[in-house]
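Visitor: Quick one, what's the 3D model for this:
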Amino acid sequence: MKNIANNYLFDIDNSFSKVLPMETLNHNKAVLTHYLHNMHNGVTSIYEKDALNFIKSYVKQKDLKTRAKGKSDEALQNLLFSIDDIPFPPPKDYKFTFIDLFAGIGGFKLAMQNLRGKCVFASEWDKEAQKTYQANFGDVPFGDITSSEVKKYIPNQFDILCAGFPCQAFSIAGRRGGFEDTRGTLFFEVADILKKAKPKAFFLENVKGLVSHERGATLATILNVLRNDLNYFVPDPKVLNAKDFGVPQNRERIFIVGFRKDLKIENFQYPSPKPLQKSFIDIREKNTVPTKYYLSKQYLKTLREHRERHASKGNGFGFEIIADQSIANAVVCGGMGRERNLVVDDRITDFVPQTNIKGEVNREGIRKMTPREWARLQGFPDKFIIPVSDASAYKQFGNSVAVPAIQATAKQILKYLGI
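Guide: Modelled structure (predicted):
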């Protein structure tokens, strides 16, 4: 069932779907929802003019459909009433502000809000991820961060920049690798925002492969830009594993944090690992899983043959079954991410083939993990709404950050900032 906030946004979609291109509509919704969520802090003026103009056009559009004379102030009040009716509203007594770049489905946001942080700007270009973000947080992320139309809404002041930016090679061609060398990459957008807004701190996350990417040149360039061009104290980055922070998933990611040098912060300790208390059985679905998640006999046969071919060549590639008392491999959106995390679940009672199952359902109880199980492996609570198809959900959770690892590191950042 839709909550009140998303009902209003759904009504806006209905009012404008045949009038505005989807990209323009989503942009206007981003402006409007950012305005509503920042009514009581210092950044609301950035969104106010365009948001109020959009509300007026929304009322006018409804008038054309209903032939009833609407009022912009009433529409605004209704929308204001709705913004708290979401699973994860922003804290009212927030202690710090942050922006959420390459936001995905809000893993960073969830962690920062848990620490009483207030998000004042979010950006995510993927439309399906925007839907999930909106359903849970009530605001629509802005789109392409490289767009000047999006950049103009970034506040001048905020405390922490958060970004899970993609890994890209730089054209440094023998040079040391500085700010200008990163142009044309998405890291440049992060660096440019840091250069202009100068927040107290930043928190970046990336795949472990960044360490060796381009033989280390990519990471060296990033650190040189952050430390020397942008004047931040940046301790050596650290690869952290999600399994060390309470979730049964072997997921290594590199974390990079930094502090503005005028704050005189000269050391930083990343969070210490904690003994893992959980295994897959602790996050397994409580009820019988739908038949559609169980593999067909034919597909299971194909996977086994595929693994045998690789094994004969001395390779270890292939599907893997996770035991109930074991931990999962990293959930990823490609490269057999689902097949590397198969499980045995003999609770199945209905062997009638369903969607995407061709041929007989296997009788060994072998199935894929569900999107909800992937959500739990990434540290998302069960009240986190999954409003998209399974295919999109797997992609979104596979691309997400592990919330507990992010939260533990963010807590350390706040400690050093004295927040």
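Visitor: contact partners of the longest strand along the chain?
Guide: Using DSSP state E to define each element, the chain has its longest strand at strand 252-260. Here strand 252-260 makes contact (Cβ atoms under 8 Å, 6 or more residues apart in numbering) with 198-208, 210-211, 219, 222-223, 226-227, 231-235, 237-242, 265, 268, 270, 330, 401-402, 405, 409, 413, 416-417. Every C-beta, even on glycine, is put in place using the N, C-alpha and C of the backbone.
Visitor: Go again with 7 Å.
Guide: The contact list for strand 252-260 (Cβ atoms under 7 Å, 6 or more residues apart in numbering) reads 198, 200-208, 210-211, 226, 232-235, 237-241, 265, 268, 270, 409, 413, 416.
Visitor: Strands of the chain, start to end?
Guide: Using DSSP E, strands in the chain cover 96-101, 117-122, 160-163, 201-207, 232-233, 238-241, 249-250, 252-260, 321-322, 328-329, 342-344, 366-368.
Visitor: May I have the third one exported as CSV, CA atoms only?
Guide: By that I understand strand 160-163. Extracted in CSV, the C-alpha atoms of strand 160-163 (Å, rounded to 0.1, in the frame of the first residue of the first chain):
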residue,chain,number,x,y,z
ILE,A,160,29.9,16.1,4.9
LEU,A,161,30.0,14.9,1.3
CYS,A,162,29.1,11.2,0.8
ALA,A,163,29.7,9.5,-2.5
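Visitor: Direction included, what does it pair up with?
Guide: Here strand 160-163 has these sheet partners by DSSP bridges: strand 96-101 (parallel), strand 201-207 (parallel).
Visitor: Serialize these to TSV and add fields for mean neighbour count.
Guide: Output for the strands paired with strand 160-163, formatted as TSV (neighbours: other Cβ atoms under 10 Å):
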stretch	mean neighbour count
strand 96-101	24
strand 201-207	23
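Visitor: Could you give the average pLDDT over stretch 344-353?
Guide: Mean pLDDT, stretch 344-353: 91.
Visitor: Report the buried residues of it.
Guide: Within stretch 344-353, the residues that count as buried by 16 or more other Cβ atoms under 10 Å are 345, 348.
Visitor: now the end-to-end length of it.
Guide: Start-to-end span of stretch 344-353 (Cα to Cα, to the nearest Å) is 18 Å.
Visitor: if we look at that stretch, which residues are touching it?
Guide: Here stretch 344-353 makes contact (Cβ under 7 Å, 6+ apart) with 288, 289, 291, 294, 321, 359, 361, 364, 365, 366, 367.
Visitor: So which one of the residues you listed is the model least confident about?
Guide: Confidence by pLDDT is poorest for residue 359 among the contacts of stretch 344-353, given 80.
Visitor: and the angle from the longest strand of the chain to strand 201-207?
Guide: Using axes from the mean of the first three to the mean of the last three Cα atoms, to 10 degrees, the inter-axis angle of strand 252-260 relative to strand 201-207 is 160 degrees.
Visitor: Just give the strands next to strand 252-260 in its sheet, each with its orientation.
Guide: Looking at strand 252-260 with DSSP bridges, its partner strands are strand 201-207 (antiparallel), strand 232-233 (antiparallel), strand 238-241 (antiparallel).
Visitor: and that strand, C-alpha only, in PDB?
Guide: Extracted as PDB, the C-alpha positions of strand 252-260 are listed here (Å, rounded to 0.1, in the frame of the first residue of the first chain):
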ATOM      1  CA  GLU A 252      35.300  -5.900   0.700                       C
ATOM      2  CA  ARG A 253      35.200  -2.200  -0.300                       C
ATOM      3  CA  ILE A 254      37.700   0.600  -0.100                       C
ATOM      4  CA  PHE A 255      36.700   3.600   2.100                       C
ATOM      5  CA  ILE A 256      38.400   7.000   1.800                       C
ATOM      6  CA  VAL A 257      37.700   9.800   4.300                       C
ATOM      7  CA  GLY A 258      39.100  13.300   4.600                       C
ATOM      8  CA  PHE A 259      38.900  16.400   6.800                       C
ATOM      9  CA  ARG A 260      39.400  20.000   5.800                       C
END
